[in-house]
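Participant: return atomic coordinates for the entry below.
(chains A and B)
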Amino acid sequence: MRARARYHAPTELAAALDLVADGTVATTVLGGATVVMPRLVRGELAPDQLLDLVRLPGIAATASDSGTTRIGAATSYTTLRRGLPETVPLLARLAAGITGGPQIQNHGTIGGSACHANPASDAPTALVALGAQMVLVSVDAARTISAAEFFTAAFTTSRRDGELLLSVDVPTSPAGDSWGYVKLKRSESSWPIVTAAAQVTPRTATRLVAQITVGGASGVPVTISLALQASRVTADDTATIADLLDGAVDRWYSDDLADDTYRRRVAPVVAGRAVEDALRTLAEGHHT
Amino acid sequence: MSTGPLALLLDGEQVNVDVDHGRSLVDVLRLDLGKRGTHLGCGNGDCGACTVLIDGDTYKACLVPCGRADTRRVDTVEGLADKGVLHPVQQAFWDANAFQCGFCLPGHLLCTVALSRTAGPATAAEVDEAIAGNLCRCTGYQQIRRAALAATSTTGHRPVADREPPPDPVPHDRSLFHHQLSPVRRADPRGHVRSRPAAACPPAEREGPAHDRPATRSGSDNRPT
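Facilitator: Now for the predicted structure:
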C-alpha cells in the first residue's frame, strides 16, 4: 500500500522553496485545499508530499500603495471581500459570489484558483481582466509574468516545477473606470459556465470603451474591446461582441456542464451583461 | 513533520492527539476524537454537514488538513449546548421545527451561530447568504431560514424599523405544526418514538414532556389513540 503523503506547513518561505526544489519528489501545494483534499481522500491524487502554505508570513495578506495592490497567493475570498472593496472592487465583488457559502469563502484562495486554472473559475478571468502580474519564486529565482501569459490552457499554467506562486499584483485601475462582473451558472451550487469581467472607460460624455475578459469560452480567458456609442449595450453591440469572440477564441471550450455550441451562444450575452453591469456601476457613481 | 502531536482547544477542552497532519479534520474529529456530531456527507465541500468553527470562523472540516487546526480553537455542534441547556440558536431551530433528519444541522447551526456573533440584527438576505453553503435534503429550507432569522434578531420581540421583514412571517408557536397532515413524531425520553395522528394532537403547547399517553412502537397504524 502506498505511503500517505507527508504533510508540511513551513513557517518560512525558504523552507517551502527547498521542499519543492527537488524534482524527484512529487509535491501538491495547498492553498485553500478545496480541490485537493477531496481528491486526496478519494485516492485520485497521491503525491509524495503536501506543501501547505498557510503558515507562511504574508501569504494570506494584502497590501496596497497608490499604484498596486499586492495580494498574497493564499489570500482567502473572505479577506478579499473585507479588505478590497475600495481598492480592487472587482475582486471584492467576485469573492462575495463564490459558490459554497461563507465556509468556502474562508477556505478558497485566489492563488489556489489561479494555479488550478479551471476555465469555469472566477479568478482567472478577473486576474486577466485586471492585468494582474503573477509573482513566481523558486530557490534560485523570482520572476513576474502577466496573468494572460500565466494561463496557457485549461487546467494549465506556466508555473514551472520548483516554483511557487507567491502573490498576484494588481495595478490600480484608472479613477474614471467602472467594473462589472457577471457569471452564468445553471444552479446555485454549480460551477460557472461562462464568466465575464468588463472594464468601462468613458472617453467622452457619450462614448465609452469596454474591455471585456471572458472565461469559459476558451480554455483560457480571452479579452476583447469595443466602443459603445451610447451608454447602454445594443443588439448590434452584442453581435459585435459575438464576432470579436469568434475571432479571439481558438477553440470553444467544452465540459460536462456545457458544450462548445452552448458556450458560443451564451458567451456574447454574458459579456454584454457584464458591460451593462459596469455601466450601472458608472451611473451609480462607482459603488459596486 | 507529518505524523505528530495535534493540539486543539476542542469544544472548550484542551485535547492532544498523535495523528497524520494531512488527514482531514472531519476524519480526525469523528474517528480519533469521538466527535461524531460533526457529520460527513459529501466529502467534497458541497453539503456543509461537516462544518466546524476554527477560531470562530466557519469551515468545512472535510476540506481542512487537520494540521491547519493545530493550536487553534475548534468548536463543533457538540459544544453549543451547555450542560443540557440548548444554545439560543439550537432553541430557535427547535422552536421553528427547522430540521427533520438532522444531518445538515452542524452546518446550519454553526453558520447561524457565526452570523449571530456579527454586530446588529441580520437581514433576511444576510441570513440566506450565511447559510448558503449548507444543503438540506429534508426541509426545503423555509423553516431553517425562519429559525436562523429569529436566532439572529438580537432585539428579540422588539421591532427593528429599518430591517426588511422576514420572507414569510410565521407565528412562533407550535399550532401550525400540530395540524400538519402527517403525524407529529416526538422523541420519548425513554427511547421510543411515539407517533399520533395530527387530529389527536392538542392545540399549541410548549415543548417538553408533552404526553401522558403510553408509548407505541414506531410504524404504528395511526389509529386515533
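Participant: what count of nearby residues applies to the residue of chain A at minimum distance from chain B?
Facilitator: For chain A, the residue closest to chain B is residue A:101, as judged by Cβ to the nearest Cβ, at 1.8 Å. From N, CA and C alone the C-beta is placed, and that goes for glycine too. For residue A:101, the number of neighbouring residues by other Cβ atoms under 10 Å in any protein chain shown comes to 25.
Participant: ok, and the closest non-adjacent residue to it?
Facilitator: Distance criterion Cβ to Cβ, 6 or more residues apart in numbering or on different chains; nearest residue to residue A:101, sequence neighbours excluded, is residue B:133 at 1.8 Å.
Participant: dihedrals phi and psi, that neighbour?
Facilitator: phi -90, psi 10 (degrees, to the nearest 10).
Participant: and if you look at residue A:49?
Facilitator: Main-chain dihedrals, residue A:49, degrees, to the nearest 10: phi -150, psi 150.
Participant: could you give the bridge partners of it?
Facilitator: Bridge pairing for residue A:49 (DSSP bridges) gives the partners residue A:6, residue A:27.
Participant: how about the residues of the stretch 101-250 of chain A by chain B?
Facilitator: Within the stretch 101-250 of chain A, the positions near chain B by Cβ under 8 Å from any Cβ of the partner chain are A:101-104, A:106-107, A:188-189.
Participant: if we go to 6 Å?
Facilitator: Contact residues (Cβ under 6 Å from any Cβ of the partner chain) of the stretch 101-250 of chain A with chain B: A:101-104, A:106-107.
Participant: using the three-state scheme, assign the closest residue to residue B:128 other than its chain neighbours.
Facilitator: In this structure, residue B:128 finds its nearest non-sequential neighbour in residue B:145, 6.7 Å apart by Cβ to Cβ, 6+ apart. Under DSSP: H, G, I helix; E, B strand; the rest coil, residue B:145 falls in the helix class.
Participant: ok, now residue A:46?
Facilitator: coil.
Participant: and the contacts of stretch B:26-41?
Facilitator: B:17, B:19, B:47, B:49-50, B:52, B:61-62, B:66, B:76-78, B:103, B:106 (Cβ atoms under 6 Å, 6 or more residues apart in numbering or on different chains).
Participant: got those as TSV, with pLDDT columns?
Facilitator: Listed next are these as TSV, based on pLDDT from 0 to 100:
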residue	pLDDT
B:17	97
B:19	97
B:47	97
B:49	98
B:50	98
B:52	98
B:61	98
B:62	98
B:66	98
B:76	98
B:77	98
B:78	98
B:103	98
B:106	98
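Participant: and for the one helix or strand residue B:107 maps to, what's in contact with it?
Facilitator: In this assignment (DSSP states H and E), residue B:107 forms part of helix B:105-116. Among residues not part of helix B:105-116, those counted as contacts by Cβ under 6 Å, 6+ apart are B:38-39, B:48-49, B:51, B:53, B:58, B:77, B:89, B:99, B:122, B:130-131, B:134, B:144, B:148, B:151-152.
Participant: in helices, which of the contacts of stretch B:26-41 fall?
Facilitator: Using DSSP state H, the members of the contacts of stretch B:26-41 that fall within helices are residue B:106.
Participant: okay, the contacts of stretch B:26-41 in a markdown table with neighbour count and distance to residue A:276 next?
Facilitator: Shown next, in a markdown table, are the contacts of stretch B:26-41 (neighbours: other Cβ atoms under 10 Å in any protein chain shown; distance: Cβ to Cβ, whole Å):
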| residue | neighbour count | distance to residue A:276 |
| --- | --- | --- |
| B:17 | 13 | 54 |
| B:19 | 20 | 52 |
| B:47 | 23 | 34 |
| B:49 | 25 | 38 |
| B:50 | 28 | 39 |
| B:52 | 29 | 40 |
| B:61 | 30 | 40 |
| B:62 | 27 | 38 |
| B:66 | 25 | 46 |
| B:76 | 23 | 45 |
| B:77 | 25 | 43 |
| B:78 | 16 | 48 |
| B:103 | 17 | 41 |
| B:106 | 24 | 40 |
